[in-house]
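Generate coordinates for the sequence data below:
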Amino acid sequence: MTDTAAPPTCALPNTPLAAAVPGIMTCVHCGFCLQACPTYLALGDENDSPRGRILLMRALVEGELSPDDPDVQTHIDRCLGCRGCETACPSGVPYGQLLEATRATLNTHHPPSTTARLILWLFARPALLAPLLAAARALRATRLPRLLARLPGRIGFAFAMLAASEPPRARGAYTARGSGARGTVATLRGCVMEGLFTHTNRATERTLIANDYALVDAPRQGCCGALHAHAGDLEGARALARRNIAAFEASGATYIAVNASGCGAMMKEYGHLFADDPDWAARAAALAARVRDVSELLAAAGPRSGGPLPMRVTYDAPCHIVHAQRITRAPLAVLEQIPGLSLVPLPDAEQCCGSAGIYNLLQPALAQRVLAPKLEHIARTGAEVVATGNPGCLMHIGAGLLRARIPVRGMHPLELLDASYAERAP
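Have a look, this model is predicted:
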């Protein structure tokens, strides 16, 4: 029998990793997580599996390994944080929380890379991030990124990601109308979503109104904190979360709708983020209980049917909707309600695409290895569109499709529903 007793000593007292020991001891090292782990499948190294990384975490706590050990840092850095292992785990190991605690502890000994620190610094400062994203939109409008996407390496892939965020061809404007009888909803506008996927945010608002939700504003909201938490900057994540908790409390909305799965997963875990903060714990938990992925709200409403949209579509499940939020049916229910749309199953749809927030910028080679089988599966479906509900996935998969010259484009499921409503509009 595997020993799950608490370690006799703690070499890292008063650290996030020390507080995570109960979760570490939940792992029975059964190995069910191995085939669910994209880095293990890509590299075949036990140290790059959830089971292996948990053993590294325990070795850190027990003092068998040092936080300064470069190999430990390498294997922890390689983790995508996709949480596919959580879905596969029969013991309920909270791996995502363990990963964040480990990174937060290691960061005090070995700070994140300069690139990571710069990105996190920018996302915590909307006054700087907004004009940067506006410049990116202006560059995108020139269509130059599509040409520059052919460049090799990181630079070409970065331009391909920007090109993949282009809005779809407009099908005509319509005015959404509804009774508002289903309750009030405030939407998380987000950072990249509002900056590069403005069209998706507006489609989200229209589809909610059309399905009888009444929109209210939360004007002082900001970044959800997911990128910071995943990178181990828990204090940075809490600072951003406090702003959102206060903003959405002030909105008085019954629900907070989120159309980016990573952001939704983060906000649903605000209670855990503030579990040890007596001033914010109750407020964070109450706010988290009101968060819904937008597909959950629309599926609860039906959603109402629109006009025909004759196209072949395949759905790729973002990791943080299927593994973190455990939502599987709602996005499919939205797509299945669109007349004329042929929904084609995607093999291994639950496997990570390799985007993982800023992972594809920090670990580009491994991110590409993880993406490669996803692109092959998409190509074999014969679909015109791959639908997925997360901006990073849309850009990462879209960039891969563009560079591989696979004639499939990425779209958010809500964009497809919105296009269907536009077809029916007078």
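
where's the residue nearest to residue 420 when sequence neighbours are not counted relative to residue 340, distance?
In space, and not counting its chain neighbours, residue 420 is closest to residue 306: 3.3 Å by C-beta to C-beta, 6 or more residues apart in numbering. Every residue, glycine included, has its C-beta placed from N, CA and C. Shown here: residue 306 relative to residue 340, a distance of 10 Å by C-beta to C-beta, to the nearest Å.

Likewise for residue 168?
Distance from residue 168 to residue 340, by C-beta to C-beta: 16 Å.

ok, now residue 88?
For residue 88, the distance to residue 340 - C-beta to C-beta - is 36 Å.

neighbour-wise, which of the two wins?
residue 88 (19 against 12; other C-beta atoms under 10 Å).

Per-residue pLDDT of residue 341, please?
Per-residue pLDDT puts residue 341 at 97.

Number of residues surrounding it?
Neighbour tally, residue 341, other C-beta under 10 Å: 20.

In contact with the residue nearest to it when sequence neighbours are not counted, which residues?
In space, and not counting its chain neighbours, residue 341 is closest to residue 309: 5.0 Å by C-beta to C-beta, 6+ apart. Residues in contact with residue 309 (C-beta atoms under 8 Å, 6 or more residues apart in numbering) are 338, 339, 340, 341, 416, 419, 420, 423.

same thing but 10 Å
Contact partners of residue 309, counting by C-beta atoms under 10 Å, 6 or more residues apart in numbering, are 171, 335, 338-342, 385, 416-417, 419-424.

The residue nearest in space to the middle of the chain sits in which helix or strand?
In the chain, the C-alpha nearest the mean C-alpha coordinate belongs to residue 262, at 2.5 Å (C-alpha atoms, centre = their mean). Residue 262 is part of helix 261-268 when elements are defined by DSSP states H and E.

for the residue nearest to residue 420, phi and psi?
Per-residue torsions, residue 306: phi -120, psi -150 (degrees, to the nearest 10).

Just give me the neighbour total for it.
23.

Kindly report the same for residue 41.
18.

next one: residue 363
Neighbours of residue 363 using other C-beta under 10 Å come to 19.

I figured it hits residue 78, correct?
Yes. Counting by C-beta atoms under 10 Å, residue 78 is a contact partner of residue 363 at 6.4 Å.

Touching both of the two, which residues are there?
residue 39.

List the residues that contact residue 283.
242, 245, 246, 249, 270, 271, 274, 277.

roughly how far apart are the first one and residue 390?
Applying C-beta to C-beta, one obtains 24 Å for the distance of residue 242 from residue 390.

Also residue 69?
From residue 69 over to residue 390 (counting by C-beta to C-beta), the distance is 33 Å.

Which one of the two is surrounded by more residues?
Between residue 69 and residue 390, residue 390 has the larger neighbour count (other C-beta under 10 Å), namely 28 against 17.

for the protein, which spans come out with low pLDDT?
1-8, 426 (pLDDT under 70).

My read is that residue 266 contacts residue 324, right?
Yes. Taking C-beta under 10 Å as the definition, residue 266 is a contact partner of residue 324 at 8.6 Å.

Show me which of these two is the more surrounded one.
residue 266 (29 against 23).

who touches the more buried one in this structure?
By C-beta under 10 Å, 6+ apart, the neighbours of residue 266 are 188, 223-230, 237, 240-241, 244, 258, 260, 273, 288, 291, 320, 324.
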